[in-house]
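Trainee: Got a predicted structure plus its sequence, pasted below:
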Amino acid sequence: MPDIFADYSEFYDLLYEDKPYPDEARFIADLLNRYADPAGSVRTVLDLACGTGRHCFELEAMGYQVAGSDISAPMIARAQAAAAARASQATFYNHSFQEAAKIGKRFDAVISMFSAIDYLTGHHDLTTALENVSQLLPPGGLFVFDYWNGNAVINNYSPVRELRKRRGNLEVHRTSTTRLDLVEQIAEVNFQFRCLVAGQSEHEFREQHRVRYFFFREIETYLELGGFDLIHRGTFMAEDFSPTSWNIAVVARKRAT
Ligand SMILES: C[S@@+](CC[C@H](N)C(=O)[O-])C[C@H]1O[C@@H](n2cnc3c(N)ncnc32)[C@H](O)[C@@H]1O
């Protein structure tokens, strides 16, 4: 499978420097505390599709023992470098969702954030991923994730978006052009990157990300068939629930049998 984050990884943390990872980690920890049985019993957390490990480091700072895994070797290399720089005990693995059980351990909870499950565009990819998540959890273990809500994507997606970031004399300009496939439920996001050093264009590249959006009943059905009970759904980073929010947070519990 080609690594669509290969070039992107170099600029990932710069592009998302304003993403509130500490607040998101608190939101995740609140869900883990609330739904763990007994309450507050989650100690070990695996972050699947962890990217550069930002949620892992925030959760570790809150006292969790953390590990991360991602399909992209360059993203994992960045997570490992960040771990070394901050003397983190986090362990990182280079496994996809579909092969994550190769990690060979169980965790109290598995998380997958920033709508990473949306990259599982095919039915088989998603069911295989859920089988793997299940093998990584004990009965009663929690799976926390967020995803793009079809109700919002169809009505509110932006066909073209621009993002510009600067660090020192490096500037990154990203143009995202999105097209929806309403039959396959896929948003095809075409990124065009332009990197400038001291105002001079140095490097340009393109990446295409195909991400799936889901409707509520689909998530419920996939979890049900994968041996999970859906125990919470809400607007990501909010207390309330709106059926038209873009990002939906889910907590699922692995069934005992
Ligand atoms: C939007 S990023 C989110 C990264 C991280 N969770 C965060 O919040 O910053 C999506 C991540 O999913 C990873 N990814 C895509 N497909 C994957 C797969 N099949 N298995 C594991 N990781 C995957 C990408 O390499 C990328 O790091």
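Mentor: Perfect, I can see it now. Numbers count the residues shown, from 1 in each chain.

Trainee: switch to C-alpha atoms for all contacts and neighbour counts from now on
Mentor: OK.

Trainee: where are the low-confidence patches of the chain?
Mentor: Applying pLDDT under 70 to the chain flags the ranges 1-6.

Trainee: What is the end-to-end distance of stretch 129-145?
Mentor: The straight-line separation of the ends of stretch 129-145 (Cα to Cα, to the nearest Å) is 13 Å.

Trainee: For it, which outside residues touch it?
Mentor: 28, 32, 35-37, 97-101, 104-113, 115, 117, 223, 226-227, 249-257 (Cα atoms under 8 Å, 6 or more residues apart in numbering).

Trainee: And for stretch 101-110?
Mentor: Against stretch 101-110 from outside (Cα under 8 Å, 6+ apart): 32, 42-48, 93, 95, 132-133, 135-138, 141-144.

Trainee: Report the buried residues of that stretch.
Mentor: Buried positions in stretch 101-110, judged by neighbour count with 16 or more other Cα atoms under 10 Å: 101, 103, 106-110.

Trainee: Among these, which are located in helices?
Mentor: Judged by DSSP state H, the buried residues of stretch 101-110 include no members of helices.

Trainee: re earlier: buried subset of the contacts of stretch 129-145?
Mentor: By 16+ other Cα under 10 Å, these give 28, 32, 35-36, 97-98, 100-101, 106-113, 115, 117, 223, 226-227, 249-255 as buried.

Trainee: out of those residues, who's near the ligand?
Mentor: Filtering the buried ones among the contacts of stretch 129-145 for proximity to the ligand (criterion: Cα under 6 Å from any ligand atom) leaves 97, 112-113.

Trainee: Turn those residues into a markdown table, including distance to residue 123 and secondary structure.
Mentor: A markdown table is the format used below for those (distance: Cα to Cα, whole Å; DSSP: H, G, I helix; E, B strand; the rest coil):
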| residue | distance to residue 123 | secondary structure |
| --- | --- | --- |
| 97 | 13 | helix |
| 112 | 18 | strand |
| 113 | 20 | coil |
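
Trainee: Tell me the one among the residues you listed nearest to residue 182.
Mentor: Taking Cα to Cα as the measure, residue 182 lies nearest residue 113 of these, at 24.0 Å.

Trainee: thought that closest one was touching residue 148?
Mentor: No - the pair residue 113 / residue 148 is not scored as a contact, 11.1 Å apart, by Cα atoms under 8 Å.

Trainee: can you list the domains in this protein?
Mentor: As given by automatic domain parsing, the domain ranges for the chain are 9-148+215-254, 152-212.

Trainee: for the shortest one, the distance to its chain's centre please.
Mentor: The gap between the average C-alpha position of domain 152-212 and the chain average comes to 18 Å, counting by Cα atoms, centre = their mean, to the nearest Å.

Trainee: Give me the nearest residue to residue 88, chain neighbours excluded.
Mentor: Among residues not flanking residue 88 along the chain, residue 57 sits closest, at 7.4 Å (Cα to Cα, 6 or more residues apart in numbering).

Trainee: pretty sure the one you found is in a strand, no?
Mentor: No - assignment of residue 57 by DSSP: H, G, I helix; E, B strand; the rest coil gives helix, placing it outside any strand.

Trainee: got a list of what it touches?
Mentor: By Cα under 8 Å, 6+ apart, residue 57 lies in contact with 66, 83, 88, 90.

Trainee: Kindly indicate which of the residues you listed lies nearest residue 174.
Mentor: Among those, and counting by Cα to Cα, the member closest to residue 174 is residue 83, at 27.3 Å.
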